[in-house]
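1. give me a model of this one.
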Amino acid sequence: MLHLTWDEPKVIKQVTCVQNKAKKYSVDTMLTEGKKYDVINETDEFIFVIDNSNRVAGYYKEYFSVD
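-> Model prediction:
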């Protein structure tokens, strides 16, 4: 639903990307190792952050460490 205008997402916390080498998915173009990202939402398996494309996307928690 990219054609809709959304309110500014609320930042829960910040996390740091510790690695961006994925076996199955192309993550290295959207996450930069060592960079801090704002967390918008979190589940048991995924963290939803504003990535390098400036959009909210979900990634496995294994890519991040909590600050």
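
2. list the contacts for the residue sitting nearest the centre point of the chain?
-> Among the residues of the chain, the one closest to the centroid is Val49, at 2.9 Å (C-alpha atoms, centre = their mean). Neighbouring residues of Val49 by C-beta atoms under 8 Å, 6 or more residues apart in numbering: 15, 37-40, 56-57, 59, 64. (C-beta placed from N, C-alpha, C; glycine too.)

3. pretty sure Gln14 is touching Asp67, no?
-> Yes: counting by C-beta atoms under 8 Å, Gln14 touches Asp67, with 5.1 Å between them.

4. need the overlap of contacts for the two.
-> Lys36.

5. more neighbours, these two?
-> Gln14 (13 against 10; other C-beta atoms under 10 Å).

6. which residues touch that one?
-> Applying C-beta under 8 Å, 6+ apart, the residues contacting Gln14 are 36-39, 67.

7. any weak-confidence spans in the protein?
-> 1-6 (pLDDT under 70).
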